[in-house]
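K.L.:
what would the 3D arrangement of this be:
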Amino acid sequence: MEYKLNFELVPDSCWYSNLRSILTPAQWDVVRKDAYARAEGRCMICGCPAKRLEAHERWEYDESTQTQKLADVVAVCRRCHEVIHIGRTQLMGREREAEAWFQKVNGCTYAQYRAALGKANEDHRRRNLVPAWKLDVRYLEKFCKGGKES
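P.N.:
Model prediction:
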């Protein structure tokens, strides 16, 4: 089943492959502010208005080429971000809130929540079999002018 709000479990070996670790603070500001501008004050997942949005990196994984590809950077509310990063949220003791939010946004049952989480964990386990992912950040080219970072 396709949901608006999903778990995005990053393979363990990619935990530190994030934009804040490879971009300067000024470059990251350009990327995240682009997401905020596109969001127009609303979470790009649930659509709720939010005074404070958080930038979230959307990654795709091609297991055949062992490539982690940056697909988008979106602006999301805290509640959606906590669902996306459910592992961290569980460690912080906020799984119940995330569970309820997942169900509300997706209009699904607890059983469907558990099935989606099980599928996400299965994908995570399988992706952890890849020893090293190649990083594809061509998404960032749209922020470059004349080959130089803007």
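
K.L.:
what segments of this structure are strands?
P.N.:
Applying DSSP state E to the chain gives strands spanning 54-62, 67-76, 134-136, 144-145, 148-149.

K.L.:
show me where this structure has helices.
P.N.:
19-22, 25-39, 78-84, 86-91, 95-106, 110-127 (DSSP state H).

K.L.:
of all the ones you listed, which one comes closest to Glu60?
P.N.:
helix 110-127 (11.1 Å; CB to CB). Glycine gets a C-beta too; all of them are placed from N, C-alpha and C.

K.L.:
ok, residues contacting that closest one?
P.N.:
1, 3, 6-9, 11, 61, 63, 86, 99, 102-103, 106, 108 (CB atoms under 8 Å, 6 or more residues apart in numbering).

K.L.:
ok, and the most crowded of the residues you listed?
P.N.:
Among the contacts of helix 110-127, the one with the most neighbours (other CB atoms under 10 Å) is Phe102, at 26 neighbours.

K.L.:
so it is in contact with Arg96, correct?
P.N.:
No. Using CB atoms under 8 Å, Phe102 is not in contact with Arg96, being 10.9 Å away.

K.L.:
just put the helices of the chain in JSON lines and tack on distance to Lys69 and mean pLDDT.
P.N.:
As requested, the helices of the chain are exported to JSON lines (distance: least, CB to CB, whole Å; pLDDT from 0 to 100):
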{"stretch": "helix 19-22", "distance to Lys69": "13", "mean pLDDT": "88"}
{"stretch": "helix 25-39", "distance to Lys69": "15", "mean pLDDT": "97"}
{"stretch": "helix 78-84", "distance to Lys69": "17", "mean pLDDT": "98"}
{"stretch": "helix 86-91", "distance to Lys69": "21", "mean pLDDT": "94"}
{"stretch": "helix 95-106", "distance to Lys69": "25", "mean pLDDT": "98"}
{"stretch": "helix 110-127", "distance to Lys69": "13", "mean pLDDT": "97"}
